[in-house]
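Asks: Compute the structure for the input listed below.
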Amino acid sequence: HVQLVESGGGSVQAGGSLRLSCVASDNAICMAWFRQGPGKEREGVAVIFPPGRYTNYADSVKGRFTISQDNAKNTVYLQMNGLKPEDTAMYYCALGVARCRLSPYDYNYWGQGTQVTVS
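Replies: I've put the predicted structure just below:
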């Protein structure tokens, strides 16, 4: 059973930065970050595939967020700079074994989430 454990969330003022981390218990074809704000659907933020090679971002975070991976540690990171109040959400790490789109339907395993609040 694959486990994903996120950390690094918190509260920050607009314009600030946070770095999220996700440790996976297994390797994957693709790893991604999603987020879900209050009353909103879960949306893809960034994906990296295959491990450490290609990346893709939602338009809303391009130029501000960076996804990266440490294969030796089975860890994926999301560096978030220039945070905005609209970035406030629960952020989830996800692991996929086939397609690597920014769609939640492509992912088989999910972490429990880490809250990011921007004021």
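Asks: Report the beta-bridge partner residues of the spatially most central residue of the chain.
Replies: Within the chain, the residue whose C-alpha comes closest to the C-alpha centroid is residue 33; the distance, by Cα atoms, centre = their mean, is 2.0 Å. Using DSSP bridges, the beta-bridge partners of residue 33 come out as residue 46, residue 93.
Asks: Could you check how far it is from residue 58?
Replies: Summarising the geometry, the distance separating residue 33 from residue 58, computed by Cβ to Cβ, to the nearest Å, is 10 Å. (Glycine included, C-beta is placed from N, CA and C.)
Asks: joint contacts of these two?
Replies: Common contact partners of residue 33 and residue 58 (Cβ atoms under 8 Å, 6 or more residues apart in numbering): 44, 45, 46.
Asks: May I see those residues organised as JSON lines, with neighbour count added?
Replies: Putting the shared contacts of residue 33 and residue 58 into JSON lines (neighbours: other Cβ atoms under 10 Å) gives the following:
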{"residue": "44", "neighbour count": "20"}
{"residue": "45", "neighbour count": "24"}
{"residue": "46", "neighbour count": "24"}
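Asks: quick check, nearest of those to residue 91?
Replies: Minimum separation from residue 91 among these (Cβ to Cβ) is found for residue 45, which lies at 7.3 Å.
Asks: which ones are touching that closest one?
Replies: Residues near residue 45 by Cβ under 8 Å, 6+ apart: 32, 33, 34, 35, 57, 58, 61, 65, 78, 91, 102.
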